[in-house]
Every structure is written in structure tokens, then in C-alpha cells.
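Give me coordinates for this.
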Amino acid sequence: MENHQAYTSPPLNYLVHGHPGTGKRTYASQLAVSLADQLPFEEVASWPAPQLYDRYQTLVNEGQLFFLVMHPGWSYADMIERCIFLPDNVIVHDGILKQIATEARGNIIEHLLQQQPDILPSVDFKELYTGFLNHLQESGDQNPTLGTKDPFLLHSIQKNGDILLRKPKTYQVIRIKRSKIRQLFIAQQKAEDQQSLSAKWQGILEGENGSAFAAVWAQFANYQQAFTEPVEHTEPFTVDPYQDIQMDILPPGVLQSAKKYVMILEHMHMIEPEILFGDALPILDSRRREGCRCAQSVLLPGSKTSFTLPPNLFLIGTSQQIPLWSENIASMMSKAFQFVHLDANSRHQDWPKIKSLATLDLWNAINRVILRNKGDALQFPGGAFQDCKTIKDIRALFSNRVLPYIAWLAGREQGLHKTMLNELLGDKVKSLDELKKWKLADFIAISKAI
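Residues are numbered from 1 along each chain as shown. Next comes the predicted model:
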């Protein structure tokens, strides 16, 4: 098993892969606890199983750790968002990743507000801006004109509050982002003099269409002056109370003090990454997370809202092998995930005894058969027996894990399956269907047969 580095700027995503029984779930649990609690992995890995389990369950109960088992039915709708399109409305149900990302992002912003409380405007911008959009939509003209010297037509208003303009007699659309208007609004609220305000405005509008912003800002300023009563609205543009706050590069200490959230995705090989994450796949990359220098976001096609992933959200996937992805997907996954390969489980187990049968002896017998017939085969690890308490448990273990593993080995060399079954089981079992007939004496005979 690989040695994991201590908690010092860890990657945000991991893919733990190895053959059945190599301890992937245990490793993922240890890694999840170390990331959530900001502890060195080696320290958590040395904990006894009861201590690890108790802390794992505590994190689950506190809503910081989530365990999902992947299967072919999982899709983008379950992970990001599901949209129901009605004739005059769109109903959006947030997926599990979007919900957790929203909560994790909110926790960072709460810590950010403690250090920089002035990032929130003194006037309720959300209420003011909602009223301004309603004012534009309720104007008499179908395409109202904004600006005088260099007029623009109002093309449409997006669900996330962005305003689309176009020049008369053209179809080229110019996007005025709500976030930019908010930054201008905050700069105006906090500016001490006109000179400092002009400098801030130049930085905010760098690379944007200045004429278009001037046209919208003039209308917004007029509405702000006339704004007297709060505008009631039953359907806000977003349920995220911190949607308006733009995280630039996070100041020191904010990320360290924020809670850490971890998602474990069991059996990630069961579904293609592009089906699971869709257009959010590129922003899984640690360098693309919000608050980082190269942060990126995606515009979700259903809700028309901007979606980002915060840097305090970790993803841990487990897989029996590295899937055969396409070249583009493999490149993105290699950038977004750190791959951790596990060999045979080397942890020392307190092997249980079921009546007169020592499961360690049974494991040794099985392993000798496997290695005798296939010298280069991976060992089936003894950790698979650690939860066996009864004969029924061993029967289930054989039918669900040991014999399928032998069948997998046999698939690499024709005829090996029958040879291994004969050596391991003798005349006791001719097929997997006869496992239910096994008795205690059969297991004792198997453990002593070799």
C-alpha cells in the first residue's frame, strides 16, 4: 500500500484502485477522516478500528462526510441538477454534489465575512437588483433602449440575473454580469473619494464592454435613486444566500478554519465520469476551484445559474481498476484526481475463530492454491475474513468474493478455474450452486487439505 503524505496542501480528489479485498474502503475511510479533521494520514491509519468507526460516524452525523455507492443508474441529474421543464416554468432539483458544494462554499464565506465584513454592501443589493430587473421587464417597450449616446437594446434577462444587450440592427449579444454590477455597487458604497472609486471601477471593468456597462449602470443608478420600498418577490433567483459574493483568492487562514467536506464515491468504475459530472468535470481540478488563482465556473444549462466548487470539498473514489476512458476523459481525470494503487492488504487482523475452524488457516489454504496455479496472480487478502463471525458468513464470503475472484483468475488461462476448484475443494463442491450444502466439517477439511 502506498504511503500517503501528511496533511500539507493535499489534493482535493483521490481515486483509490485495487483488486477486490485490497482494503479500498478502509483506506478511503481513513483518508476521509484525515482530510475532514486535517490530520496526518499515518496518524489516522494507526487508529484501532473502533476509534476510526466512531469518528467516521460522527462526521457522517454532522454532515461533513457522505458515502455514495455508484451504479449505472447514477447520472448528471443525481449529481448536479435535475430539471423538469413546464410550459411556463422550470423546476430545478439540486443534485447531491451541488447541495454539498453550496453548503461547503457557504461555510467558507462565513469565515471570510468574519475577516472581511465589508464585502457585503450596506444596502440589500439582492432586493434592490431584483426590483431593478422587474422594472426593466415591466417597461412598456418590448425591447427597451438603454443609453443615449451609444444606445443598446435589452435582449433578455437570464435566470441568474445577467442582462443580455445587443446593438440595434445586429444580433451580437453582450452579457452584463450581475456579479460585476454588484462589485460596482459595493465599490460605490465603500469608496472614500471619487479618485479611489474610478481606480476600482477600472479594475472591475477591465476586459468588459464599457459602453454597455455604462448604459446598464445609468438605468440602475436612476432606479436606485427612486428606490423607496422593498420589492416583494415569491421566487428569488437563487436559494444560495451567498450567491452574490465573489470569492477572489482566499486570504490566509480562511480555508484552514473552514469545515472540510468529503464525498466517498464507491465503485466509480461503474459509470463514466462525463455521465456523472457532465460539464462540471473540468472544475473538479484543484486549480479550478473557487478561491484559487485559476478559478473557473460553469453555467448550468437547466437552471441557467453559475456553478463552482469550493476548495474545502474533497472527492474520494474507489475502483477495482483504472477504467479504460477515452483520451480526453483520461487526461482530465489524471489532472483532477490523484491515483492511489493498493496491493494486498497488509494490515494485521485479529483472526476470529468460528468453533473449531480458524479462518486464518482457511485463508492460507486458499492463497497457497492460488499461488500454486498462477505464480504471478495477486493474492486474495486475508482482511476479507475479518468480519466473519459464523459459518453463514464464510459461506457468503466464498460465494460473493472468493470464488468470483478465482473465476477472474481462471479467465486469464483456460481450464484454470476447474483445476483450482478441484485442488481447493476436492470432491466436496462441483459448482457454485452447491455452496449451500457445506457443513462445518467441510470447512475444516478444506483448511487441512493442503
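
where in the stretch 101-250 of the chain is pLDDT low?
Scanning the stretch 101-250 of the chain for pLDDT under 70 picks out the ranges 117-124, 139-150, 190-194, 226-244, 246.

rerun at 50
140, 228-238 (pLDDT under 50).

Strands of that one, residue ranges please.
For the stretch 101-250 of the chain, the strands defined by DSSP state E, counting those that start in this stretch cover 145-146, 152-157, 163-166, 173-176.

nearest to residue 222, of those?
Residue 222 lies closest to strand 145-146 among the strands of the stretch 101-250 of the chain, at 10.7 Å (C-beta to C-beta). C-beta here means a position set from N, CA and C on the backbone, and glycine is covered the same way.

picking up where we left off before, quick one: which of the strands of the stretch 101-250 of the chain is nearest residue 332?
Across those, residue 332 has its closest neighbour in strand 173-176 (26.3 Å, C-beta to C-beta).

The closest one - contacts with which helices or strands?
Judged by 3 or more C-beta pairs under 8 Å, 6 or more residues apart in numbering; DSSP states H and E, the packing partners of strand 173-176 are strand 163-166, helix 210-226.

Pick the most buried one from the strands of the stretch 101-250 of the chain.
Highest mean neighbour count among the strands of the stretch 101-250 of the chain (mean count of other C-beta atoms under 10 Å): strand 163-166, with a mean of 21.

re the thing from before, what about the strands of the stretch 101-250 of the chain, which gets the closest to residue 290?
When the strands of the stretch 101-250 of the chain are compared by C-beta to C-beta, strand 173-176 sits nearest residue 290, at 19.5 Å.

domain ranges for the protein?
The record's domain split for the chain, according to automatic domain parsing, is 13-82+250-341, 121-244, 353-448.

picking that back up, ranking the helices and strands packed on strand 173-176 by burial, who's on top?
Of the helices and strands packed on strand 173-176, strand 163-166 is the most buried (mean count of other C-beta under 10 Å), at a mean of 21.

hmm, who's touching that strand?
Counting contacts by C-beta atoms under 8 Å, 6 or more residues apart in numbering, the residues outside strand 163-166 that touch it are 133, 136, 146, 152-158, 172-176, 178, 212, 215-216.

what about residue 22, neighbour count?
Under the neighbour criterion other C-beta atoms under 10 Å, residue 22 is assigned a count of 25.

tell me the secondary structure for residue 263?
Three-state call for residue 263 (DSSP: H, G, I helix; E, B strand; the rest coil): strand.

One more: residue 252?
With three-state DSSP as the basis, the three-state label of residue 252 is coil.

Run a quick neighbour tally on it.
Residues near residue 252, counting by other C-beta under 10 Å: 7.

distance of it from residue 112?
Distance from residue 252 to residue 112, counting by C-beta to C-beta, to the nearest Å: 12 Å.

what's the answer for residue 390, then?
53 Å.

Who has more neighbours out of those two?
residue 112 (23 against 11).

Leaving out chain neighbours, which residue sits closest to the more buried one?
Of all residues not flanking residue 112 in the chain, residue 254 sits nearest, at 5.2 Å (C-beta to C-beta, 6 or more residues apart in numbering).
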